[in-house]
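Enquirer: I'll drop the sequence and a predicted model, then ask my questions.
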Amino acid sequence: MQEIKAISFDCYGTLVDWESGIKLAFRNLFLDQKISEDEDKLLELFAKHESDLESRLPIIPYFDVLDQVAQGVAKEIGADVSASKCKDFAESIEDWPLYDDVMPMLKKLNKKYIFCILSNVDRRCFSVTENKFEGMINIVSIAEDNGFYKPSPEAFMALLSKLAEQEIKKDELLHVAQSLFHDHEPASKLGIKSCWVDRRLDKEGWGAVPPPENSVEPTFRIKTLAELPNLLAT
């Protein structure tokens with residue numbers, strides 16, 4: 001392949017196990033409620049409300065997106081939750097864990113590539129997560145700074161602009177992500193090489209992300225980030 005000089009990662013869902021974090025946040029949100037929806041249904045409702053808010057209200061801070069998602073899901077399923085519990089739901093992002101394959105991969109590839117984050121979050125949400133990467137992220141491009149939520153192509157253009165400042169071209173970038181909707185569909189339209197980390201392999205449904213609007217074929221597909229170093233070596 002063309003020499004890769006920079007790797008951009010979606011953060012939540014790709015590096016951060018947000019589905020586990022979201023499920024726990026919903027358990028706490030509805031702890032004293034009797035609801036009939038299972039966790040998979042709640043993930044689908046999360047995807048529905050999150051994508052709707054990001055498309056209608058660009059660009060509100062992601063903390064407020066999470067707060068309003070909690071309110072919207074609760075209202076849709078008929079649960080009565082307090083405003084403070086919805087804020088607790090938003091604050092839970094600080095506790096969402098990294099996948100086990102993330103740090104070994106970053107340490108193996110560190111200094112060989114420029115590492116970038118391209119994420120639909122604000123500085124408040126990302127600040128705690130960023131510390132978990134032990135200083136190995138070189139460029140951070142988040143929605144609060146660039147003014148756009150993925151899947152807007154403008155979010156990717158903002159990252160490409162930052163890379164251009166370091167004389168890195170579009171064809172020297174590989175974007176690594178879990179969401180076909182947020183990441184691979186717009187990356188494909190812009191001619192950016194992408195690698196799909198299929199975190200929901202063998203699971204039904206789309207989980208916490210909407211399905212892509214159109215058929216999309218990422219450049220590469222892997223099951224875990226442990227496969228990424230070998231892929232880059234080919």
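Expert: Nice, I can see it.
Enquirer: from here on, contacts and neighbour counts on C-alpha atoms
Expert: Fine.
Enquirer: Who are the contact partners of the residue lying closest to G21 once chain neighbours are set aside?
Expert: For G21, ignoring the flanking residues on the chain, the nearest one in space by Cα to Cα, 6 or more residues apart in numbering is W96 at 4.7 Å. W96 makes contact with V16, D17, W18, S20, G21, I22, according to Cα atoms under 8 Å, 6 or more residues apart in numbering.
Enquirer: go on, K169?
Expert: L160, L163.
Enquirer: where's it relative to A6, distance?
Expert: The gap separating K169 from A6 is 9 Å, by Cα to Cα, to the nearest Å.
Enquirer: So how do I select the buried members of the contacts of W96 in PyMOL?
Expert: Entered in PyMOL, the line below selects the buried ones among the contacts of W96, by 16 or more other Cα atoms under 10 Å:
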select buried, resi 16+17+18+21+22
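Enquirer: how about the helices of this protein, start to end?
Expert: Ranges of helices in the chain, per DSSP state H, are 18-29, 39-56, 62-77, 83-91, 102-109, 123-131, 143-146, 153-164, 185-190, 228-233.
Enquirer: Now render these as a markdown table, adding distance to P211 and mean pLDDT.
Expert: Shown next, in a markdown table, are those (distance: least, Cα to Cα, whole Å; pLDDT from 0 to 100):
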| stretch | distance to P211 | mean pLDDT |
| --- | --- | --- |
| helix 18-29 | 16 | 97 |
| helix 39-56 | 9 | 95 |
| helix 62-77 | 18 | 97 |
| helix 83-91 | 23 | 97 |
| helix 102-109 | 24 | 98 |
| helix 123-131 | 25 | 93 |
| helix 143-146 | 21 | 94 |
| helix 153-164 | 17 | 97 |
| helix 185-190 | 10 | 97 |
| helix 228-233 | 24 | 95 |
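Enquirer: Please tabulate those helices in a markdown table, including the columns distance to P212.
Expert: Putting the helices of the chain into a markdown table (distance: least, Cα to Cα, whole Å) gives the following:
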| stretch | distance to P212 |
| --- | --- |
| helix 18-29 | 18 |
| helix 39-56 | 12 |
| helix 62-77 | 20 |
| helix 83-91 | 25 |
| helix 102-109 | 25 |
| helix 123-131 | 25 |
| helix 143-146 | 20 |
| helix 153-164 | 14 |
| helix 185-190 | 7 |
| helix 228-233 | 23 |
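Enquirer: and A208, which of the ones you listed is closest to it?
Expert: helix 39-56 (4.7 Å; Cα to Cα).
Enquirer: what's the angle from that closest one to helix 18-29?
Expert: 100 degrees (axes from the mean of the first three to the mean of the last three Cα atoms, to 10 degrees).
Enquirer: Give me the angle between helix 39-56 and helix 62-77.
Expert: Compare the direction of helix 39-56 with that of helix 62-77 by the same axes, to 10 degrees and you get 120 degrees.
Enquirer: Which other helices and strands does helix 39-56 contact?
Expert: The contact analysis (3 or more Cα pairs under 8 Å, 6 or more residues apart in numbering; DSSP states H and E) places helix 39-56 against helix 18-29, helix 62-77.
Enquirer: and the shortest one, what other elements does it pack with?
Expert: By that I understand helix 18-29. Counting contacts by 3+ Cα pairs under 8 Å, 6+ apart, helix 18-29 is packed against helix 39-56, helix 83-91.
Enquirer: Can you give me the separation between the residue nearest to G21 and C86?
Expert: Look at W96 and C86: by Cα to Cα, they are 16 Å apart.
Enquirer: can you count the residues close to R56?
Expert: Other residues within reach of R56, judged by other Cα atoms under 10 Å, total 9.
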